[in-house]
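Engineer: What follows is a protein structure lacking sequence information:
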């Protein structure tokens, strides 16, 4: 892939986090996700949300790994991502 996007100013690297994310800090995330009929979406989308404490995710998800974090839109359900 290196070299394919070198001349595209809208594509850049994302720096690695130097510290764990703070709870209630804003999180910008992206992904393809699933459509209403459980198919993968062909369109990459993004949104903003807030990171919530891990114990909130343990209440909502049966499986929650140590490398994952949880965030929630203030008006919708929580979402788990790695």
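Structural biologist: Yep, it's here. It should be emphasised that the depicted structure is a prediction, and the values quoted were computed from it without experimental measurement.
Engineer: Okay, helices next: where are they in the protein?
Structural biologist: For the chain, applying DSSP state H gives helices covering 54-60.
Engineer: Centroid-nearest residue for it?
Structural biologist: residue 29 (3.9 Å; C-alpha atoms, centre = their mean).
Engineer: In contact with that one, which residues?
Structural biologist: The neighbours of residue 29, taking C-beta atoms under 8 Å, 6 or more residues apart in numbering as the test, are 46-49, 71, 81. Bear in mind the C-beta positions are built from the backbone N, C-alpha and C, glycine included.
Engineer: quick one: which of those has the most company?
Structural biologist: Using other C-beta atoms under 10 Å as the neighbour criterion, residue 71 leads the contacts of residue 29 with 24 neighbours.
Engineer: right, and that residue touches residue 27 too?
Structural biologist: Yes - assessed by C-beta atoms under 8 Å, residue 71 is found in contact with residue 27 at 4.8 Å.
Engineer: Give the residues shared as contacts by the two.
Structural biologist: 49-51.
Engineer: for the residues you listed, which one is nearest residue 6?
Structural biologist: residue 49 (31.2 Å; C-beta to C-beta).
Engineer: residue boundaries of the strands in this structure?
Structural biologist: 26-31, 45-51, 69-72, 78-81 (DSSP state E).
Engineer: related to what we said a few turns ago, test of understanding: give the bridge partners of the residue nearest to the centre of the chain.
Structural biologist: residue 47 (DSSP bridges).
Engineer: Reformat the strands of the chain as CSV; add mean pLDDT and distance to residue 59.
Structural biologist: CSV is the format used below for those (pLDDT from 0 to 100; distance: least, C-beta to C-beta, whole Å):
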stretch, mean pLDDT, distance to residue 59
strand 26-31, 81, 19
strand 45-51, 82, 16
strand 69-72, 73, 10
strand 78-81, 48, 9
